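**Student:** okay, sequence plus prediction incoming.
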Amino acid sequence: MKQIYTTTLRLNLENEADRRAWEHLQSLDRREYRSVSKAVVSAVNAYFDRSKQLADDPYLETREKEDAFLSRIEDTISRSLQSCTPVSLGGILQLMQSAQPAAALVSEETEEDISAALDFADGF
């Protein structure tokens, strides 16, 4: 036997929040919600589930905002890289391959400095 609980929902259309709720209920997508009851059940459950999540984890909302921000940054970088032409990327790769490593330049300068210091010391 089905257990059905019937309740009344009273909305004051002079109250902004109540009026908006009424408008949402009147413009329901009937393919998504078969009835007003289904929409109300979904909304009530979502509201209280979210409230419980936030009570259990006070930093949840902050992490969600950070994740959304990082996602936007990643999307922006991805779009920027996709807009680069292969020619300009090829030029950058050639420059990177033809450049001498910094360590090699430092070691040559160091050897020259040591040689000059020894020549100077031999002069005494």
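**Tutor:** Okay, I see it. Numbering: from 1, shown residues only.
**Student:** burial of residue 56, as a residue count?
**Tutor:** Residue 56 has 8 neighbouring residues, counting by other Cβ atoms under 10 Å. (Each C-beta comes from the backbone N, C-alpha and C, glycine too.)
**Student:** go through the helix or strand hosting residue 45 and flag the buried ones.
**Tutor:** Following DSSP states H and E, one finds residue 45 within helix 36-56. Applying a neighbour-count criterion of 16 or more other Cβ atoms under 10 Å, one finds residue 39 buried in helix 36-56.
**Student:** tell me which residues are up against it.
**Tutor:** Contacts to helix 36-56, defined as Cβ atoms under 8 Å, 6 or more residues apart in numbering, come from residues 9, 24, 25, 28, 33, 60, 61.
**Student:** just the buried ones from the residues you listed, in ChimeraX syntax?
**Tutor:** The following ChimeraX line selects those of these that are buried, judged by 16+ other Cβ under 10 Å:
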select :33
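**Student:** so which of the contacts of helix 36-56 are in helices?
**Tutor:** Assigned to helices by DSSP state H, the following of the contacts of helix 36-56 qualify: 24, 25, 60, 61.
**Student:** helix/strand/coil for residue 30?
**Tutor:** coil (DSSP: H, G, I helix; E, B strand; the rest coil).
**Student:** what distance do you get for it to residue 39?
**Tutor:** For residue 30, the distance to residue 39 (Cβ to Cβ, to the nearest Å) stands at 10 Å.
**Student:** just for this structure, where's the confidence low?
**Tutor:** 84-90, 99-109, 124 (pLDDT under 70).
**Student:** domain assignment for it?
**Tutor:** Here the domain parsing of the chain from automatic domain parsing is 15-56, 65-104.
**Student:** all good on my end, thank you.
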